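**Q** Just the structure for this:
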Amino acid sequence: MKLAELAQLLGAEYHGLPDAEITGVAGIEEAGPGQVTFVANPKYAGLAKKTQAGAVLVAPDFPEIKAPTLRIKNPYLAFARAIELFHPAPVYPPGIHPTAVIHPTAKIGRDASIGAYVVISENSVIGDYATILPHVVVYPNVRIGDHFFAHAHSVVREDCRLGHHVVLQNGVVVGSDGYGFAKDDAGKWHKIVQSGPAIIEDEVEIQANSCIDRASVGETRIGRGAKIDNLVQVGHGSSVGENTLLCAQVGLAGSTHIGDNAILAGQVGVAGHCHIGDRVIVTAQSGVGGNIEAGKVISGSPAYDNRQWLRVCAIMPRLPELLKQFERKRKTENE
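**A** Sure, this is the predicted structure:
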């Protein structure tokens, strides 16, 4: 692909030879001639001066460098689109594999691709243009919108509802039983029936081996555009707002409510019945035990204001010496 053609497809302004050949994509440190890379983080700006890349996606005000540049407002997003151009996703032709088991009462929209050993149970409805790869199981009474994409071994449990353009990566379980048990007078735990569905709104992607529990009563809901990383647990009766990110190994206990456009970084844990506001950022490995106002950035376990947490972290290595100084001063004062 010519540099000028790539610029046109991405909506970028090119600076360099328009006929330069671009054959692929790579990171800023690995890119060679013929490959396009990007700089979105200022800490990598220095690498752009010595890169061997065939072209670099940068912001419009980025300084001139030796390599040809493609200037665009959002270089990171443009690079994501460039990856799609050079590495298009596999195409699965419409059709139903002969080993798939589809109940006579199930309804499937047009141009679906259904792989080997898929099971679609009674009274379930799946919209148009679905791609359902091998060993996916859809339980009874499920409702799924158009452009559903389910990777191998993902499961949608009974009565759950999924919107349009939902993606389930391998091993995802939507609507697994919530963790609900009640203790009787003899000290034995009795399972609480989880009667409420999990609801996944449009344009949600849930990545490998994550679980969205169904609710004991009511519903569990994942808002439109939310993205859920690998190994995430969303407890029963919880809600996750629109365009919110839950990173790897996040755990939400039951009845947790996360607002819109929030980010919970890796291994964040949230206690049950907490309300986390819109645009909140919780940094990695933090433990949240209470409500958080909109727009806050918090860290630590138990979590509190990120700026204060950074100051505490800076002091921690000095505590032994500070303690020694305090003891020496106290001894001197007592003499």
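**Q** Using the record's assignment, carve the protein into domains.
**A** Domain ranges of the chain: 3-86, 95-309, per automatic domain parsing.
**Q** Could you save those as TSV and add columns showing mean neighbour count, distance to Arg318 and mean pLDDT?
**A** C-beta: built from backbone N, CA, C; applies to glycine. Output for the domains of the chain, formatted as TSV (neighbours: other C-beta atoms under 10 Å; distance: least, C-beta to C-beta, whole Å; pLDDT from 0 to 100):
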stretch	mean neighbour count	distance to Arg318	mean pLDDT
domain 3-86	17	27	93
domain 95-309	19	16	97
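**Q** Which among these is found nearest to Met316?
**A** domain 95-309 (10.5 Å; C-beta to C-beta).
**Q** circling back to that earlier point, can you check which of the domains of the chain gets nearest to Pro320?
**A** domain 95-309 (20.1 Å).
**Q** picking up where we left off before, figure out which of the domains of the chain is closest to Glu321.
**A** domain 95-309 (21.1 Å).
**Q** returning to that earlier point: redo the domains of the chain as TSV? Include distance to Gln325.
**A** Formatted as TSV, these follow (distance: least, C-beta to C-beta, whole Å):
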stretch	distance to Gln325
domain 3-86	36
domain 95-309	23
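**Q** closest to Thr332 out of these?
**A** That would be domain 95-309 among the domains of the chain, by C-beta to C-beta, at 31.5 Å.
**Q** Centre of the chain to the closest one, how far?
**A** 11 Å (C-alpha atoms, centre = their mean, to the nearest Å).
**Q** and the residue lying closest to Gly235 once chain neighbours are set aside, what does it touch?
**A** Leaving aside its chain neighbours, Gly235 sits nearest to Gly254 (4.1 Å; criterion: C-beta to C-beta, 6 or more residues apart in numbering). Residues in contact with Gly254 (C-beta atoms under 8 Å, 6 or more residues apart in numbering) are Gly178, Tyr179, Gly180, Asp213, Gly235, His236, Gly237, Ser238, Gly272, His273.
**Q** if we go to 7 Å?
**A** Gly178, Gly235, His236, Gly237, Ser238, Gly272 (C-beta atoms under 7 Å, 6 or more residues apart in numbering).
**Q** now do Gly163
**A** Applying C-beta under 7 Å, 6+ apart, the residues contacting Gly163 are Gly145, Ile200, Glu201, Asp202.
**Q** Redo those residues as CSV? Include distance to Ala265 and secondary structure.
**A** Putting the contacts of Gly163 into CSV (distance: C-beta to C-beta, whole Å; DSSP: H, G, I helix; E, B strand; the rest coil) gives the following:
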residue, distance to Ala265, secondary structure
Gly145, 30, coil
Ile200, 22, strand
Glu201, 23, coil
Asp202, 25, coil
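**Q** Could you tell me the average pLDDT over the longest helix along the chain, please?
**A** Criterion DSSP state H: the longest helix present in the chain is helix 319-334. The average pLDDT within helix 319-334 is 84.
**Q** mind checking how far that helix is from the chain centre?
**A** 49 Å.
**Q** Wait, His236 touches Val193, no?
**A** No - applying C-beta atoms under 7 Å as the test, His236 and Val193 come out as separate, 11.2 Å apart.
**Q** what about the domains of the chain, which gets the closest to Leu323?
**A** Nearest of the domains of the chain (C-beta to C-beta): domain 95-309, 20.8 Å.
**Q** start to end distance for that closest one?
**A** Domain 95-309 has an end-to-end distance of 55 Å (C-alpha to C-alpha, to the nearest Å).
**Q** Now Pro75, what are its backbone angles?
**A** phi -60, psi -40 (degrees, to the nearest 10).
**Q** Same question for Val167.
**A** According to degrees, to the nearest 10, Val167 has phi -120, psi 130.
**Q** residues touching it, list them.
**A** Contacts for Val167 (C-beta under 7 Å, 6+ apart) come out as Phe149, Glu205.
**Q** The closest residue to Leu47 other than its chain neighbours: what secondary structure?
**A** Leaving out its chain neighbours, the residue that sits closest to Leu47 by C-beta to C-beta, 6+ apart is Ile28, at 4.8 Å. Three-state call for Ile28 (DSSP: H, G, I helix; E, B strand; the rest coil): coil.
**Q** If anything else comes up later, I'll come back, but that's it for now.
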